[in-house]
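[1] Mind looking at a prediction? Sequence and model below.
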Amino acid sequence: MDIEKGLLIVLSGPSGVGKGTVRRAIFEDPDTDFEYSISMTTRNKREGEVDGVDYFFKSREEFETLIEQDAFIEYAEYVGNYYGTPVQYVKDTMERGKDVFLEIEVEGAKQVRKKFPEALFIFLAPPTLEHLEERLIGRGTESQEVINHRISEARKEVEMMNLYDYVVINDEVMDAKEKVQMIVEAEHLKRERVEARFRKMILEAK
Ligand SMILES: Nc1ncnc2c1ncn2[C@@H]1O[C@H](COP(=O)(O)OP(=O)(O)OP(=O)(O)O)[C@@H](O)[C@H]1O
Ligand SMILES: Nc1nc2c(ncn2[C@@H]2O[C@H](COP(=O)(O)O)[C@@H](O)[C@H]2O)c(=O)[nH]1
């Protein structure tokens, strides 16, 4: 898949750290110039969630058919449900030269790293695991059993943060939002400079 034109931005981290909250703050900012890839999931819709806005909600059968059709850039089974990034939207958007923002869990991010090592990987970390549990309980969307399962996954996920390009601690939402935006901006500048130097080298070699 040729996705050379835009930048693929991956925001990952444990459940409850605030990925969705930080992402919403980024997309509420009128200066944001990238697009959000809406994932597919087999999880039940939460109160207030809208199909096609928060997720594309699918049955397990539908999701498994899509896996067979190679319709995902990455997918993972997380705490009993499938989650995946649809390939077509990402491909089309990046070919238009737009950056695409993925908000996914750690196993999926590992798959994206293998397929697209040139993507930008940001790990959103909680100040402490206690904060994480408090946030999951405070959100009030999962049973205590599911929260416990998510926390036990989180213990393993935070071990993976050293595999990311950047780690942002989500202490204050607006600070984390600005840090993510600055990282993306810096990445663009870096890539533009490398490209300019490369072009210069080619011209000099002619
Ligand atoms: N910096 C923060 N300080 C305090 N509370 C926060 C902060 N960021 C997010 N929260 C709260 O923590 C809860 C979890 O946030 P959010 O749903 O954004 O997490 P998430 O990482 O997207 O979770 P999931 O991976 O399960 O989708 C929410 O109730 C949110 O309001
Ligand atoms: N690997 C993927 N993970 C995804 C995707 N979309 C969301 N997620 C992550 O799943 C967990 C649980 O989400 P929740 O909405 O049930 O709380 C969380 O970490 C999400 O970021 C995806 O396409 N692929």
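    Here it is on my side, so go on. Ligands and ions are numbered 1, 2, ... in the order given.
[2] The host helix or strand of residue 154: what's the following helix or strand?
    Taking DSSP states H and E as the criterion, residue 154 maps to helix 144-157. The helix or strand immediately downstream of helix 144-157 is strand 166-169, counting by DSSP H and E.
[3] quick one: is the next helix or strand after that next one near ligand 1?
    Sequence-wise, the next helix or strand downstream of strand 166-169 (DSSP H and E) is helix 173-205. Yes - judged by CB under 6 Å from any ligand atom, helix 173-205 comes into contact with ligand 1 through residue 173. For glycine as for every other residue, the C-beta is placed from the backbone atoms N, C-alpha and C.
[4] related to what we said a few turns ago, which residues touch the helix holding residue 154?
    13-17, 78-79, 105-106, 129, 132-133, 136-137, 142 (CB atoms under 8 Å, 6 or more residues apart in numbering).
[5] got the CA coordinates for stretch 126-143 in CSV?
    Extracted in CSV, the C-alpha atoms of stretch 126-143 (Å, rounded to 0.1, in the frame of the first residue of the first chain):
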residue,chain,number,x,y,z
PRO,A,126,-1.0,7.9,33.0
PRO,A,127,0.9,9.7,35.8
THR,A,128,0.4,6.4,37.8
LEU,A,129,-1.6,3.2,37.5
GLU,A,130,-3.7,4.5,40.3
HIS,A,131,-4.7,7.4,38.2
LEU,A,132,-5.7,5.0,35.4
GLU,A,133,-7.9,3.0,37.7
GLU,A,134,-9.5,6.1,39.0
ARG,A,135,-10.2,7.3,35.5
LEU,A,136,-11.7,4.0,34.4
ILE,A,137,-13.9,3.9,37.5
GLY,A,138,-14.8,7.6,37.0
ARG,A,139,-15.8,7.1,33.4
GLY,A,140,-18.4,4.6,34.6
THR,A,141,-18.7,2.7,31.3
GLU,A,142,-17.4,-0.7,32.4
SER,A,143,-18.2,-3.2,35.1
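[6] contacting residues for residue 165?
    By CB under 8 Å, 6+ apart, the contact set of residue 165 is 120-122, 183.
[7] Identify each buried residue in stretch 171-183, please.
    Residues of stretch 171-183 classed as buried by neighbour count (16 or more other CB atoms under 10 Å): 176-181, 183.
[8] An error on my part: the question was meant for stretch 51-62.
    Per 16+ other CB under 10 Å, stretch 51-62 contains these buried residues: 55-58.
[9] Figure out how far it is from the centre of its chain.
    On the basis of CA atoms, centre = their mean, to the nearest Å, stretch 51-62 sits 17 Å off its chain's mean C-alpha point.
[10] For that stretch, list the C-alpha coordinates in PDB.
    Taking Å, rounded to 0.1, in the frame of the first residue of the first chain, the C-alpha atoms of stretch 51-62 are listed here in PDB:
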ATOM      1  CA  ASP A  51     -22.400   4.300  14.800                       C
ATOM      2  CA  GLY A  52     -20.100   5.900  12.300                       C
ATOM      3  CA  VAL A  53     -18.900   8.600  14.700                       C
ATOM      4  CA  ASP A  54     -17.400   6.800  17.700                       C
ATOM      5  CA  TYR A  55     -16.900   3.500  15.900                       C
ATOM      6  CA  PHE A  56     -18.400   1.400  13.100                       C
ATOM      7  CA  PHE A  57     -20.100  -1.200  15.300                       C
ATOM      8  CA  LYS A  58     -20.000  -4.700  13.700                       C
ATOM      9  CA  SER A  59     -21.100  -8.200  14.700                       C
ATOM     10  CA  ARG A  60     -18.300 -10.800  15.300                       C
ATOM     11  CA  GLU A  61     -19.300 -12.500  12.000                       C
ATOM     12  CA  GLU A  62     -19.100  -9.300  10.100                       C
END
